[in-house]
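Participant: Return a 3D structure for these sequence lines:
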Amino acid sequence: MSDIDLRRIVEKSVAGGQTLMTTLEDIRKRIVLKRYSITKIQQAPVSSDEALQRLNDWIEAATAGSAVENLAARFTAPGYRQPASSVPLEIIAAAIFGPLRDLIGGAISESYSSAKGISTADRARELEKAERELLELECAEEAIIRHAEQCGIDVLRRIDADPRAVLSSGEFLK
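Facilitator: Numbers count the residues shown, from 1 in each chain. Next up, the predicted model:
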């Protein structure tokens, strides 16, 4: 081989290594973005309807009567027990459940003026999809790292790399 042939081989090798590293960097950026999107999905508020339903469920449970009946029993029992100095929230909720529902419901509705809520079912579906895509990216990253290692290029794995990808068989990564 002449010096020119060797130089071309080296240039191709360097170009291949740069492409490999560029691809690896691109996948790692996509992993970071996918993790961010998963965090956003996890932190997104529930839908407005679901939040209002939670409020209604709480008020119904609070005004169900047992707390009110238990407090009333203190006054009718032969052995009088004075109520605690702080009135339970359930009693307050029972006494003013209509205005309380309107007050908290209005605050809930206002909080959704700029934010979009997500239903529990949609959240689960979106999280499952995003986590599957993240695992695919992690496996692609691991495949590139293993290929680089086979070519004699040392590549450090991320400390937070998914163990499922790092420990998967080579056949799975293909």
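Participant: So E50 is in contact with A121, correct?
Facilitator: No - using Cβ atoms under 8 Å, E50 makes no contact with A121, being 10.0 Å away. C-beta here means a position set from N, CA and C on the backbone, and glycine is covered the same way.
Participant: What distance do you get for E141 to K29?
Facilitator: 11 Å (Cβ to Cβ, to the nearest Å).
Participant: which one of those two has more residues nearby?
Facilitator: Taking neighbours as other Cβ atoms under 10 Å, E141 and K29 compare with E141 leading, 25 against 11.
Participant: distance of the more buried one from A165?
Facilitator: On the measure of Cβ to Cβ, E141 and A165 end up 7 Å apart.
Participant: Over to R54?
Facilitator: Taking Cβ to Cβ, one finds R54 at 37 Å from A165.
Participant: Over to L100?
Facilitator: Distance of L100 to A165, computed by Cβ to Cβ: 50 Å.
Participant: Same question for E25.
Facilitator: E25 is 17 Å from A165, by Cβ to Cβ.
Participant: More neighbours: which of these two?
Facilitator: Using other Cβ under 10 Å, the more surrounded residue of E25 and A165 is A165, with 21 against 10.
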